[in-house]
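J.: need coordinates for the following:
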Amino acid sequence: MYVLDLSGRRKYKYLSVILAIFIITAFALFFLSAKGNYWVSQVTGNVRLVPIYAVDREDKCVAISFDATWGAEHTSAILDIMDKYKIKTTFFLVNIWLEEFPEMAKTIAEKGHEIGLHSTTHPHFSALSEAEIEKELLANFQMIKEITGYEASLFRPPFGDYNNTSLAKVESLGFRAIQWSVDSLDWKNLSASEIEERVLSRVKSGDIVLFHNNGTNTAEAVDHIIAALQEKGYTIVPVGELLLDGNTYTDFNGVQKLLE
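T.: Coordinates of the predicted model:
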């Protein structure tokens, strides 16, 4: 970055030019990396795609969501709680669940809740080919539409498992990949109080909370969690309403932000 003349003095002849090139390149890479809904991190030529885990907003707005992969005996109680507090939420439905509980899926849609994709057979998406990924997504979309009339646009990867191939295919098909920033761990059969303490000690504005529709103690915990959040001034919305509109990007931590 400098040259040494015969007298031994360092001349920063090209420093300003190199600095200008660096700044321009950095800004160019930033805006390119913000393309679409994923942050693209370029390190030694590698590209990393990231789904949305949370949203950058400070208005005390959060989303709670339910993955439906097994059982339905506790789902009516959850829907009653949503009615009790007059809120809507998001249910990510998998085909193996839809096949067994189509009437419950219809009820979810009739009550005005958002429905998201959760695959056809609940596989690990990082182990699938592009063709297999497309089949999983489109068959899931079609069954949801046939049973409920809902055209889903959000997708949650089973097991939270993804790679660049799966996220690129999700985006190419017009869907948005959604993760979560707070995991209730209700599938581990924690007590209602344990689930409540876990969620309330972590949740903040812009978070997406993960529950399951058939967790043994989920309904009781959700009842207390919603009451506590509303008492603290939080608004609870479906995931789709939590997302930001306009020119956005998702940073390397999975936080969706406005591109200013």
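J.: when you work out contacts or count neighbours from here on, use the C-alpha atoms and nothing else.
T.: Will do.
J.: near the closest residue in space to residue 123 that isn't next to it in sequence, how many other residues are there?
T.: Residue nearest to residue 123 in three dimensions, not counting chain neighbours: residue 158, with 6.4 Å by Cα to Cα, 6 or more residues apart in numbering. The number of residues packed around residue 158, counting by other Cα atoms under 10 Å, is 21.
J.: so who does residue 158 touch?
T.: 118-119, 122-125 (Cα atoms under 8 Å, 6 or more residues apart in numbering).
J.: what about residue 100, which SS state?
T.: What DSSP: H, G, I helix; E, B strand; the rest coil gives for residue 100 is coil.
J.: pLDDT score for it?
T.: Residue 100 carries a pLDDT score of 98 in this model.
J.: quick one: it and residue 121, what's the gap?
T.: Residue 100 sits 13 Å away from residue 121, going by Cα to Cα, to the nearest Å.
J.: the two: which is more packed in?
T.: residue 121 (16 against 13).
J.: which ones are touching that one?
T.: Counting by Cα under 8 Å, 6+ apart, residue 121 has contacts 94-96, 136.
J.: just residue 177 next, same as before
T.: 51-52, 154-157, 167, 170-171.
J.: ok, these vs residue 260, which is closest?
T.: When the contacts of residue 177 are compared for distance to residue 260 (Cα to Cα), residue 52 wins out at 18.4 Å.
J.: strands paired with the strand ranked longest in the chain, and their directions?
T.: Across the chain, the longest stretch assigned as strand under DSSP state E is strand 61-68. Its sheet considered, strand 61-68 pairs with strand 90-93 (parallel), strand 208-212 (parallel), strand 235-237 (parallel) by DSSP bridges.
J.: nearest to residue 148, out of these?
T.: Closest among the strands paired with strand 61-68, using Cα to Cα: strand 90-93, at 11.2 Å.
J.: average model confidence for that closest one?
T.: For strand 90-93, the per-residue pLDDT averages 98.
J.: only C-alpha atoms, please: export it in PDB.
T.: Included here for strand 90-93 are C-alpha records, laid out as PDB according to Å, rounded to 0.1, in the frame of the first residue of the first chain:
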ATOM      1  CA  THR A  90     -49.500 -19.300  12.500                       C
ATOM      2  CA  PHE A  91     -49.800 -23.000  12.200                       C
ATOM      3  CA  PHE A  92     -47.200 -24.800  10.100                       C
ATOM      4  CA  LEU A  93     -48.800 -28.000   8.800                       C
END
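J.: so what touches it?
T.: 64-69, 108, 113-119, 144, 155-156, 238-239.
J.: on that earlier part again, name the member of the contacts of residue 158 with the most neighbours.
T.: residue 119 (28 neighbours).
J.: quick one: it and residue 136 touch, right?
T.: Yes - Residue 119 is within contact range of residue 136, at 5.3 Å (criterion: Cα atoms under 8 Å).
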